[in-house]
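**Student:** Build me a model:
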Amino acid sequence: MDFDKKYLRDLDWLLILLLLCLGIFSFIGISGATITANYEWKQVVWYAVGFIVLSGVLLFDYNSLGNYAYILYGIGMVLIVGVLFTPLKSGAHSWYQLGVIDFQPSELMKIFVIVTVAKYIAKKDEKEESIATVKNLLPIFLLVGVPLLLILKQPDLGTGLVFIGILVSMLIVAGLPMRYFVVLGIITAIFFGSMTYIFKFHNDFFFKHIMKDYQWMRIESWFDPYNPKYKKEGYQLRQSMTAIGSGQLLGKGINQGTQAKNGWVPVGESDFVFTVIGEELGFIGSSILIFLYFFFIYRMIRIAMEAKDTFGMYIIAGVIGMYVFQVFENIGMTIQLMPITGIPLPFISYGGSSLVTNFFVMGMVLNIGMRKRKLMFE
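**Tutor:** Numbering: from 1, shown residues only. Below you'll find the model as predicted:
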């Protein structure tokens with residue numbers, strides 16, 4: 001344990017206040033999502049547990065986490081492999097069912113990947129080695145790519161894409177030359193171009209070896225949810241946009257929404273909680289929530305810029321990449337801007353393992369901020 005009361009002077013209390021504000025939005029959104037289940041009060045309990053976890057993380061120097069980075073990564077990999085042999089839930093092998101609690105190991109794996117990649121890049125910085133070589137880049141892609149492929153195997157495309165957001169954010173902060181991103185962009189374009197060609201001219205091969213019919217139907221229903229052909233597949237998106245649109249400027253009022261509460265928007269307490277907020281609080285309330293997220297990211301950027309070492313800076317870079325992607329994807333999918341995935345809205349969606357994991361992450365960020373400079377007379 002390495003804690004001094006003087007560290008409290010550098011604790012980012014604004015960031016903690018933002019977490020409390022997000023908690024209020026979470027309570028409003030979840031309470032308006034269902035009539036019978038009291039998920040909002042369970043979320044309050046998880047928030048309390050989360051703050052306890054956050055406080056515990058502050059007691060230890062974040063560099064001690066880096067000392068065990070590869071061990072933690074190995075534990076995460078064992079959990080990710082093991083979950084593939086668990087029973088299906090919602091069409092995926094993504095959860096360990098531990099009595100009343102469902103534990104999703106991919107949530108922990110995001111943290112372990114961020115810490116491990118941050119440790120690897122920081123070590124290269126210490127040796128004054130550039131990561132802009134195939135030799136030094138390959139381990140980073142393996143550290144991210146192996147768990148990514150295993151998560152896609154579950155299958156959980158949404159969480160898998162979060163790992164790409166983490167990777168890109170950390171490589172940008174690490175100073176990877178822009179030409180590498182251009183090359184990656186070209187490779188991505190070639191990939192999608194090839195998929196388009198195969199779909200157009202080798203349709204049978206496409207649906208037999210690349211994508212299942214139901215997966216392609218999800219994509220088509222995303223582009224055209226009002227097509228009668230996709231009455232079932234486009235139902236959730238249609239109801240979501242109807243709910244958000246009905247909120248208009250000021251919303252219908254707290255707990256006055258009808259779409260999610262009456263069951264017309266499935267999983268309104270978790271994946272589609274932004275839909276409930278949009279319906280009840282309208283454009284103004286939704287905009288305030290988005291502003292809170294902007295300010296939330298800004299505070300983390302400030303902490304990263306003042307970090308005492310590159311290890312802390314890279315950790316926050318990965319965290320920022322993770323949250324930016326999750327917020328953009330979750331809100332975007334409710335308004336047809338992004339395809340529908342199972343990504344929760346950070347600190348808003350109902351879910352114990354996800355929320356506690358996020359508080360652990362914020363504990364790391366605040367920990368880095370507290371130890372941003374040497375204290376006198378230590």
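**Student:** CA only for contacts and neighbour counts going forward, please
**Tutor:** Fine.
**Student:** mind checking how far the residue nearest to Phe206 when sequence neighbours are not counted is from Val162?
**Tutor:** Spatial nearest neighbour of Phe206, chain neighbours left out: Phe199 (5.5 Å); criterion: CA to CA, 6 or more residues apart in numbering. Phe199 sits 26 Å away from Val162, going by CA to CA, to the nearest Å.
**Student:** Just want to know which of those two has more residues nearby.
**Tutor:** Neighbours around Phe199 and Val162, counted as other CA atoms under 10 Å, are more numerous at Val162. The numbers are 20 against 16.
**Student:** from what I can see that one touches Gln326, true?
**Tutor:** Yes - Val162 is in contact with Gln326 according to CA atoms under 8 Å; the separation is 6.8 Å.
**Student:** Backbone dihedrals for Ile30, please?
**Tutor:** Ile30 adopts backbone torsions of phi -70, psi -40, taken as degrees, to the nearest 10.
**Student:** need the contact list for it.
**Tutor:** Tyr39, Glu40, Gly268, Glu269, Ser270, Val273, Val276, Ser349, Tyr350 (CA atoms under 8 Å, 6 or more residues apart in numbering).
**Student:** if we go to 10 Å?
**Tutor:** Counting by CA atoms under 10 Å, 6 or more residues apart in numbering, Ile30 makes contact with 37-41, 43, 255, 260-261, 267-270, 272-274, 276-277, 348-350.
**Student:** Equivalent analysis for Leu157, please.
**Tutor:** Leu148, Leu149, Ile151, Thr341, Gly342, Ile343.
**Student:** Top of those by number of neighbours, please.
**Tutor:** Neighbour counts for the contacts of Leu157, by other CA under 10 Å, peak at Ile151, which reaches 27 neighbours.
**Student:** in which helix or strand would I find the closest residue to that one other than its chain neighbours?
**Tutor:** Among residues not flanking Ile151 along the chain, Gly160 sits closest, at 5.9 Å (CA to CA, 6+ apart). Secondary structure from DSSP states H and E places Gly160 in helix 157-173.
**Student:** for Leu250, same thing?
**Tutor:** Here Leu250 is assigned to no helix or strand, by DSSP H and E.
**Student:** What of Phe85?
**Tutor:** Using DSSP H and E, Phe85 falls outside every helix and strand.
**Student:** Could you verify my assumption that it touches Leu150?
**Tutor:** No - counting by CA atoms under 10 Å, Phe85 sits too far from Leu150 to count as a contact (12.0 Å).
**Student:** Between these two, tell me which one has more neighbours.
**Tutor:** A direct count of neighbours by other CA under 10 Å for Phe85 and Leu150 places Leu150 higher, at 18 against 12.
**Student:** what sits against that one?
**Tutor:** Leu150 touches Met77, Ile80, Val81, Val83, Leu84, Ser106, Asp156, Gly160, counting by CA under 10 Å, 6+ apart.
**Student:** got CSV for the residues you listed, with neighbour count too?
**Tutor:** Formatted as CSV, the contacts of Leu150 follow (neighbours: other CA atoms under 10 Å):
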residue, neighbour count
Met77, 20
Ile80, 24
Val81, 16
Val83, 24
Leu84, 19
Ser106, 25
Asp156, 21
Gly160, 23
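**Student:** May I see those residues arranged in a markdown table, with pLDDT and distance to Met195 as well?
**Tutor:** Putting these into a markdown table (pLDDT from 0 to 100; distance: CA to CA, whole Å) gives the following:
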| residue | pLDDT | distance to Met195 |
| --- | --- | --- |
| Met77 | 94 | 30 |
| Ile80 | 92 | 29 |
| Val81 | 91 | 29 |
| Val83 | 86 | 30 |
| Leu84 | 88 | 27 |
| Ser106 | 88 | 28 |
| Asp156 | 80 | 20 |
| Gly160 | 87 | 19 |
